[in-house]
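K.L.:
My questions concern the predicted model and sequence given below.
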Amino acid sequence: MLLTIDVGNTRIKAAVFEQNTLIELFIFEQEALLNKIHFLMHQYPKIVNLVVASVGNVEKDLFLSIEDRVTIHFITHESKFPFTNLYSTPTTLGIDRMVLASGAVLQFPNQNRLVIDAGTCITYDFIDTNDQYLGGAIAPGIRLRYESLHHQTAKLPLLQKKHPEDYIGNSTQESIHSGVINGVAFEIDGFIEQYKTQYAKFIIILTGGDAEFLAMRLKNTIFANSNFLLESLNQTFQYNQND
């Protein structure tokens, strides 16, 4: 059994895998990491490998404190990936984006792929049919947009995400919901349309914490999977083991 851990900017997601089957998913705060790992290893005693990808601020030594109980694998820029990285600053490319690109190549071979990760930030990553990672874009996510409107103005309230009732907001709150949610949806569809001008055909993979929330608002046909990064971690680990 394998335990995958994705340390994000705000939360941690973990999943237990048996080969390619996701057994159980967990989401928790960073402060609970070590206790949660101990709980999972007690609940699933057959876990022998732990795979970690981190863009957060969790110290590596925290994981090393349990290396006597499980073999720990950190996905880093030195890991092997099934694509050629053409990013002009390859060492600055986030590990989460590299893992997503890896999963896209391994799950959807021999085609162009656009991975859109709608989390704290919205990232766009394009890998062509020759398994070349070309790059993408980074934009503020839904939560960051709500927070920026509140913190960078004097009177706008801090709201939780909500599907707007109409494009024309008839109150300040509805105007904020319309601006944030419709703005994100228009942005994503706009990026997709721009890629279409250069690439006639490609698969679109939408993932991240806001994937399911956004999927119904996008006009383009997408493959929505909020657990795609954890699945990609599992596949990247197997790719490294079998190489």
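P.N.:
Now that the structure is in, tell me what you want to look at.
K.L.:
Name the nearest residue to residue 139, sequence neighbours excluded.
P.N.:
The spatially closest residue to residue 139, leaving aside those adjacent along the chain, is residue 122, at 4.7 Å (C-beta to C-beta, 6 or more residues apart in numbering). From N, CA and C alone the C-beta is placed, and that goes for glycine too.
K.L.:
For residue 132, see how far away the residue nearest to residue 77 when sequence neighbours are not counted is.
P.N.:
Take residue 77 and drop its neighbours on the chain: the residue closest to it by C-beta to C-beta, 6+ apart is residue 91, 5.6 Å away. In this structure, residue 91 and residue 132 are 18 Å apart, going by C-beta to C-beta, to the nearest Å.
K.L.:
The two: which is more packed in?
P.N.:
Higher neighbour count among residue 91 and residue 132: residue 132, with 13 against 8, using other C-beta atoms under 10 Å.
K.L.:
What are the buried residues along whatever helix or strand residue 238 lives in?
P.N.:
Mapping residue 238 onto the secondary structure by DSSP states H and E places it in helix 228-242. For helix 228-242, a neighbour-count test (16 or more other C-beta atoms under 10 Å) marks 228-240 as buried.
K.L.:
Now do it, average pLDDT.
P.N.:
The average of the pLDDT scores along helix 228-242 is 93.
K.L.:
Which strands or helices does that helix pack on?
P.N.:
Helix 228-242 is packed against strand 2-7, strand 12-18, strand 21-28, strand 49-54, helix 95-107, strand 203-207, with contacts defined by 3 or more C-beta pairs under 8 Å, 6 or more residues apart in numbering; DSSP states H and E.
K.L.:
Which segments of this structure make up each domain?
P.N.:
Using automatic domain parsing, the domains assigned to the chain come out as 2-74, 84-233.
K.L.:
Averaging pLDDT over each of those domains, report the lowest-scoring one.
P.N.:
When the domains of the chain are ranked by mean pLDDT, domain 2-74 comes last with a mean of 88.
K.L.:
Show the end-to-end separation of it, please.
P.N.:
For domain 2-74, the first and last residues are 13 Å from each other (C-alpha to C-alpha, to the nearest Å).
K.L.:
Could you tell me how far it lies from the centre of the chain?
P.N.:
16 Å (C-alpha atoms, centre = their mean, to the nearest Å).
K.L.:
Who does residue 53 form a beta bridge with?
P.N.:
According to DSSP bridges, the residues that bridge with residue 53 are residue 6.
K.L.:
residue contacts, the residue lying closest to residue 71 once chain neighbours are set aside?
P.N.:
Nearest-residue entry for residue 71: residue 49, 5.1 Å, with adjacent residues in sequence omitted and distances by C-beta to C-beta, 6+ apart. Neighbour list for residue 49: 1-3, 70-73, 237 [criterion: C-beta atoms under 8 Å, 6 or more residues apart in numbering].
K.L.:
Confirm for me that residue 148 is in contact with residue 140.
P.N.:
Yes: counting by C-beta atoms under 8 Å, a contact exists between residue 148 and residue 140, whose distance comes to 6.9 Å.
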